[in-house]
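Novice: what follows is a predicted structure for the sequence shown.
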Amino acid sequence: MDIQLRTDRLLISPITMDDLGSIHELHSLPETEEFNTLGIPKNLEETREILSGWIEKNNSGKNMNFTFKIELAETNDFVGLIAMNLGMPKFKIAEVWYKLHSSHWSKGYATESLTRILKFGFGELGLHRIEAGCAVENLGSIRVLEKVGMTREGRKRKVLPLKDGWSDNFHYAILESDFTQKI
């Protein structure tokens, strides 16, 4: 997969095995794992297995899964990950997720990269609807989802297995028509 997405400040491109160290560090930070169901990897090999699966899906030729790294355009410093997983083609739907290194929080990078991924999904992939979910106490992610125009559509009870126990999840979505009106 050779997709390169840009914003004013960011470069969003497919992950490679060269990103293993940066992704392992991201997954190993306790503050980035607070609302994540993946958990902190036991070792570098566990992260390598996760990364291998993502790369394999990226390169399957089916264009159903896109896992990208986010880097600063000027310096190529690793910021985090963002992904889009497509559903059945008939429904023209996808789900997005993102995870940024805590040193890059509160700088607008999540909002900027998610806006670019939504543009990719609606414009280049022709999607009708894009969804996301987040733990109900994840205030930072809630702000990002709402800033890009996503609507909170519901709440699932005790669906996320977090390190502190089961958490409720807010369900968000945006339609292509909502997005084109916003930009």
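Specialist: The structure has been received and is ready for your questions.
Novice: what ranges does this protein have for its helices?
Specialist: Secondary structure of the chain (DSSP state H): helices located at 20-28, 30-33, 44-58, 109-119, 139-147, 176-182.
Novice: could I get the buried residue list for the one helix or strand in the chain whose mean pLDDT sits lowest?
Specialist: Between all helices and strands in the chain, the lowest mean by mean pLDDT, DSSP states H and E belongs to helix 30-33, at a mean of 83. Taking 16 or more other CB atoms under 10 Å as the neighbour-count basis, helix 30-33 is seen to contain the buried residues 32-33. Any C-beta I mention is one placed from the backbone N, CA and C, and that applies to glycine too.
Novice: export the helices of the chain as JSON lines, with columns for distance to Tyr98.
Specialist: Listed next are the helices of the chain as JSON lines, based on distance: least, CB to CB, whole Å:
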{"stretch": "helix 20-28", "distance to Tyr98": "11"}
{"stretch": "helix 30-33", "distance to Tyr98": "11"}
{"stretch": "helix 44-58", "distance to Tyr98": "14"}
{"stretch": "helix 109-119", "distance to Tyr98": "6"}
{"stretch": "helix 139-147", "distance to Tyr98": "8"}
{"stretch": "helix 176-182", "distance to Tyr98": "17"}
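Novice: kindly compare burial across these and name the winner.
Specialist: Neighbour counts (mean count of other CB atoms under 10 Å) averaged over each of the helices of the chain peak at helix 109-119, with a mean of 22.
Novice: quick one, phi psi at the residue lying closest to Glu112 once chain neighbours are set aside?
Specialist: For Glu112, the nearest residue in space outside its immediate sequence neighbours is Thr7; the separation is 5.0 Å by CB to CB, 6 or more residues apart in numbering. Note on Thr7: its backbone torsions stand at phi -130, psi -170 [degrees, to the nearest 10].
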